[in-house]
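[1] Build me a structure from this.
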Amino acid sequence: MKIAVPVKEGVLDAHFGHCSHFALMEVENQSIVAEELIAAPPHEPGKLPPFLANLGVTDVLAGGMGGRAIQIFNSNNVNVFVGAPALEAKQLVEGFLNKSISFTANCCDH
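    Now for the predicted structure:
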């Protein structure tokens, strides 16, 4: 499993499409085994889902994301979880793995 979190200064960036970086966490046996920070490409509708899928991402944790982006991720076999709380990326992924955080409504409506 490889989880992507859109971040700004290490914390979840609530607007997925305009984040500066992605924290990528490689997970084995419910534990983070590798971390990587990569720069996000310039914002262009529909570009980020295949970009992350090509990096082997299987899951995305986001604050808000447009419906079309979610559809493109799903068509690339990437699971999307929206409504994530604004936490540091590693803390967010650990909370996701041990089910100690809650995801709320998608805060993006476009």
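
[2] could I get the helix or strand bottoming out on mean pLDDT in the chain in PDB with only the CA atoms?
    In the chain, no helix or strand scores lower on mean pLDDT, DSSP states H and E than helix 67-75, which sits at a mean of 93. Taking C-alpha atoms only, helix 67-75 is exported to PDB below (Å, rounded to 0.1, in the frame of the first residue of the first chain):
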ATOM      1  CA  GLY A  67     -15.900  14.900  -7.800                       C
ATOM      2  CA  ARG A  68     -14.200  14.500 -11.200                       C
ATOM      3  CA  ALA A  69     -10.800  14.000  -9.600                       C
ATOM      4  CA  ILE A  70     -12.300  11.300  -7.400                       C
ATOM      5  CA  GLN A  71     -13.700   9.600 -10.500                       C
ATOM      6  CA  ILE A  72     -10.400   9.700 -12.200                       C
ATOM      7  CA  PHE A  73      -8.600   8.200  -9.200                       C
ATOM      8  CA  ASN A  74     -11.200   5.500  -8.900                       C
ATOM      9  CA  SER A  75     -10.800   4.600 -12.600                       C
END
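
[3] Please point out which parts of the helix or strand just after it sit buried.
    Using DSSP states H and E, the next helix or strand after helix 67-75 towards the C-terminus is strand 79-81. By neighbour count with 16 or more other C-beta atoms under 10 Å, strand 79-81 contains the buried residues 80, 81. Where C-beta positions appear, they are placed from N, C-alpha and C, glycine not excepted.
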